[in-house]
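[1] Generate a structure from the sequence data that follows.
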Amino acid sequence: MKERLQKVLSAAGVSSRRAAEKMIQEGRISVNGVTVRELGTKADPAVDEIRVDGSLISMEVSKVYVMLYKPRGYVTTLKDPEGRPIVKDLLGDIEERVFPVGRLDYDSEGLLILTNDGDFAQKVQHPRFKTGKKYMVKVRGSIGPREVAAIEKGVELEDGLFKPLSFKIESKNPKSTWISMTINEGRNRVIRRLFDELGHPVARLVRTAIDEIELGSLNEGEYRHLKKWEIKKLVSS
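    So this is what the prediction gives:
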């Protein structure tokens, strides 16, 4: 049965649907020897020859779901033109081709999920599903009542209003403040931009949970496979 190419590619574990759309537009996908650039193109993986960068895709994929404690200094892509370390470098014995679900900035750390299940990735990261993500944030300076009131009301950024789902000061001193917060959106560097706007730059940012799936006892650079109940929870939330 013919399906949109981005859906076929995600089902084959090549990438998420969003990333597949970019690959199509870049001319990296061919169907029966013809390069495809139109996002609406459909193909039947049972009869059509579909290639990515010249390599034939296979639909026989074992689904893999991995939780990684991403350290600072790694990028959440599978290739980096600047030659920086990538998160795939940390997955020593994972032979399957997995991709990050969402992203964490180069300077951020914490819970990152990687998979080769495109439908799962779509459900977890797409804004319309409003999956909550929890963070511990250390900012420079002491956060006072004025900043707390602004955050609770919502702060206007260059791409619109940002208001976290929850916000709590955990500890503070004159030099820094630790804050726990939960958000349910994926705008680029939105937490860092929030505190830049308030005059308290982020010194450290750690994602500790996605929905009810917590980082737990994992140390930096360590990973484990998600448990069945964790996968089910992320898909059903």
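[2] can you give me the helices for this protein?
    5-11, 17-25, 118-125, 145-153, 190-197, 228-236 (DSSP state H).
[3] what's the lowest-mean-pLDDT helix or strand in the chain packed up against?
    Of all helical and strand segments in the chain, the minimum by mean pLDDT, DSSP states H and E falls on helix 118-125, at a mean of 84. On a contact count with 3 or more C-beta pairs under 8 Å, 6 or more residues apart in numbering; DSSP states H and E, helix 118-125 meets helix 5-11, helix 17-25, helix 228-236. Yep, even glycine has a C-beta here, placed from its N, CA and C like the rest.
[4] what's the angle from the last one to helix 118-125?
    For helix 228-236 against helix 118-125, the angle by axes from the mean of the first three to the mean of the last three C-alpha atoms, to 10 degrees is 70 degrees.
[5] same thing with the second one?
    Compare the direction of helix 17-25 with that of helix 118-125 by the same axes, to 10 degrees and you get 120 degrees.
[6] Which of the residues in helix 17-25 are classified as buried?
    For helix 17-25, a neighbour-count test (16 or more other C-beta atoms under 10 Å) marks 17, 19, 20, 21, 23, 24 as buried.
[7] which among those residues gets closest to residue 171?
    Taking C-beta to C-beta as the measure, residue 19 is the one of these closest to residue 171, at 38.4 Å.
[8] which ones are touching the closest residue to that closest one other than its chain neighbours?
    Nearest non-adjacent residue to residue 19, counting by C-beta to C-beta, 6 or more residues apart in numbering: residue 99, 6.7 Å away. Contacts of residue 99 were listed using C-beta atoms under 8 Å, 6 or more residues apart in numbering, and they are 15, 16, 19, 78, 114, 115, 116, 121.
[9] from memory residue 31 sits against residue 47, does it?
    No - at 10.6 Å, residue 31 does not count as touching residue 47 under the criterion of C-beta atoms under 8 Å.
[10] So which residue is smack in the middle of the chain?
    Against the mean C-alpha coordinate of the chain, by C-alpha atoms, centre = their mean, the closest residue is residue 102 at 1.4 Å.
[11] I'd guessed that one sits against residue 124; true?
    Yes - Residue 102 lies in contact with residue 124 (C-beta under 8 Å); the separation is 7.1 Å.
[12] Mutual contacts of those two, please.
    The contact sets of residue 102 and residue 124 overlap at residue 113 (C-beta under 8 Å, 6+ apart).
[13] That concludes my questions; thank you for your assistance.
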